[in-house]
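Engineer: I'd like to go over a predicted model; first the sequence, then the structure.
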Amino acid sequence: MTARALPYGAFNFLVDLGTGSAGGFSDVSGLTTETKVAEYRNGNDKTNFVHKVAGMYSTGDVTLKRGIINSGDLWAWVSQVRTSGSIAKRDVLVTLLSEDGEGVQAWKLHNAMPLKFTGPTLAAKGGGDVAMEELVLSVELVEPAD
């Protein structure tokens, strides 16, 4: 990957839900990881501060949103988790694209599993709103993909 002066836009990306086929979503949020620290100080330390020792790390839940496209893939995965539990875990790949559609950075979401599915808010008031669906994933590890 070649470094460049201007950052990439956050609006060109693909999501592969672990099926080998990448699709479009309107939003991906929650690509986070956090390391917990333990504070430690010896009673005979000469300095008056605590040492920070790296401990366990955790990963936040990742939220995917998209307009309803008459596809049952999200619901099928939710149903699989309901009946199979952790057997339904998958590795999900989120790939940021350059302006010409080339992958420039990717994140692998290890052992992702649907936690929550939210269907669209329907309102007969008219207007140009898009019917959206949302899937919240429980993720064990987020890391850059190779």
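Structural biologist: Thanks, I have the structure now. Numbering: from 1, shown residues only.
Engineer: Next one, pLDDT for the residue nearest the centre of the chain please.
Structural biologist: Nearest to the geometric centre of the chain sits residue 62, at 3.5 Å (Cα atoms, centre = their mean). pLDDT recorded at residue 62 is 98.
Engineer: Hmm, it is touching residue 31, no?
Structural biologist: Yes. Using Cβ atoms under 8 Å, residue 62 is in contact with residue 31, at 6.3 Å. Where you see a C-beta, it was placed from the backbone N, CA and C, and this is true even at glycine.
Engineer: shared neighbours of those two, anything?
Structural biologist: Residues touching both residue 62 and residue 31 (Cβ atoms under 8 Å, 6 or more residues apart in numbering): residue 142.
Engineer: Show me where this structure has its helices.
Structural biologist: For the chain, the helices defined by DSSP state H occupy 73-84.
Engineer: Show me where the chain dips below the pLDDT cut-off.
Structural biologist: Across the chain, the ranges flagged by pLDDT under 70 are 1.
Engineer: chain center to the longest strand anywhere in it, what's the gap?
Structural biologist: Longest strand in the chain by number of residues, with DSSP state E as the criterion: strand 103-118. The chain centroid and the centroid of strand 103-118 are separated by 4 Å under Cα atoms, centre = their mean, to the nearest Å.
Engineer: by how many degrees do it and helix 73-84 diverge?
Structural biologist: If you take axes from the mean of the first three to the mean of the last three Cα atoms, to 10 degrees, strand 103-118 sits at 60 degrees to helix 73-84.
Engineer: Show me what strand 103-118 packs onto, helices and strands only.
Structural biologist: Here strand 103-118 touches helix 73-84, strand 90-97, strand 132-138, strand 141-144, going by 3 or more Cβ pairs under 8 Å, 6 or more residues apart in numbering; DSSP states H and E.
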